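Chemist: predicted model and sequence below, questions to follow.
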Amino acid sequence: MKNAIKIMMMLGFFTFLSTTDIKAQDLGSSYRTAIGAKFYPGGITLKHFVNSSTALEAIGYFYNRGSRLTGLYEFHGNIGGAPGLRWYIGPGAHVAFYNSKFFGGGETVGIDGVVGLDYKFRGAPINISLDWQPSFEFGDYAGFSSGWGGFAVRFTF
């Protein structure tokens, strides 16, 4: 897990270095990139806006059944009368690695969806979000899962 944290922090640093001179306000969001923790089941999240209304999010989940890497493409929109609060929705995909005591171990892939709310605190480099990520896995562990998503707290830059 320590290696995964180091990798996510390095990815965040390199993403920060690769950003253009565009300011977050020019993008229509109050931040460009954010990295932090996601709770339930528990993981690391990196979110990066590619333009004013779309963001890419990578999530590395770690839980008692194993680990899961998820990538999401999110469409964001403002909520009138609520500065800093935005809704988002989008598709994604994941790969999961199960421990041997769950389903006999192994790997699986799947598709994801996400719907949620994203809030950036004014004057502070903190972003929070709350979302739901239904998913469907293929292969030996095929099936629908409605229990993904959660609460994220991120540092913005």
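Modeler: Ah, there it is.

Chemist: give the pairing partners of the helix or strand hosting D131; include direction for each.
Modeler: Assigned by DSSP states H and E, D131 belongs to strand 126-132. Taking DSSP bridges as the criterion, strand 126-132 sits next to strand 106-120 (antiparallel), strand 149-156 (antiparallel) in its sheet.

Chemist: if you average the pLDDT over the shortest one, what comes out?
Modeler: For strand 149-156, the per-residue pLDDT values average out at 96.

Chemist: check the first one too.
Modeler: For strand 106-120, the mean per-residue pLDDT is 96.

Chemist: gap between that strand and the chain center?
Modeler: When distances are taken as Cα atoms, centre = their mean, to the nearest Å, strand 106-120 is centred 7 Å away from the chain's centroid.

Chemist: got the buried residues for that strand?
Modeler: Using 16 or more other Cβ atoms under 10 Å as the test for burial, strand 106-120 gives T108, G110, D112, G113, V114, G116, D118, Y119, K120. For every residue, glycine as well, the C-beta is placed using N, CA and C.

Chemist: can you check stretch 69-86 too?
Modeler: T70, L72, E74, H76, R86.
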